[in-house]
Structures are given as C-alpha cells and as structure tokens.
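> mind folding the following:
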Amino acid sequence: MTIAISFLLSIMANVTCHYICKWLDEKHSDN
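This next block holds a predicted model:
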C-alpha cells in the first residue's frame, strides 16, 4: 500500500509542478 501511495503522491507532485510552470510561463508572457 505504501508504494502505491508514494507513486500517487509523486504523480500528483509532477502534475502540480507542470501546471505551476505553465501558469508562471503565462504570467511571464503577459509582461
């Protein structure tokens, strides 16, 4: 179970970073 939870957490972290990077890129583009 622990491995599955770690796997899900890592995926969620990657997705979150991906969206944060996209959001930051859009903010930089506006300026």
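> burial measure for residue 21, as a count.
Neighbours of residue 21 under the rule other C-beta atoms under 10 Å: 10. Bear in mind the C-beta positions are built from the backbone N, C-alpha and C, glycine included.
> same check on residue 8?
10.
> need the pLDDT of it.
In this model, residue 8 is scored at 98, pLDDT.
> in which helix or strand would I find it?
Element membership of residue 8, judged by DSSP states H and E, is helix 2-30.
> who are the packing partners of that helix?
Contact partners of helix 2-30 among helices and strands, from 3 or more C-beta pairs under 8 Å, 6 or more residues apart in numbering; DSSP states H and E: none.
> chain center to it, what's the gap?
0 Å (C-alpha atoms, centre = their mean, to the nearest Å).
> against residue 8, how distant is residue 1?
11 Å (C-beta to C-beta, to the nearest Å).
> low-confidence stretches in this protein?
31 (pLDDT under 70).
> what about 80?
Applying pLDDT under 80 to the chain picks out residues 29-31.
> residue contacts, residue 16?
Applying C-beta atoms under 8 Å, 6 or more residues apart in numbering, we find residue 16 in contact with no residue.
> number of residues surrounding residue 30?
By other C-beta under 10 Å, 5 other residues sit near residue 30.
> roughly how far does it sit from residue 15?
As judged by C-beta to C-beta, residue 30 and residue 15 stand 23 Å apart.
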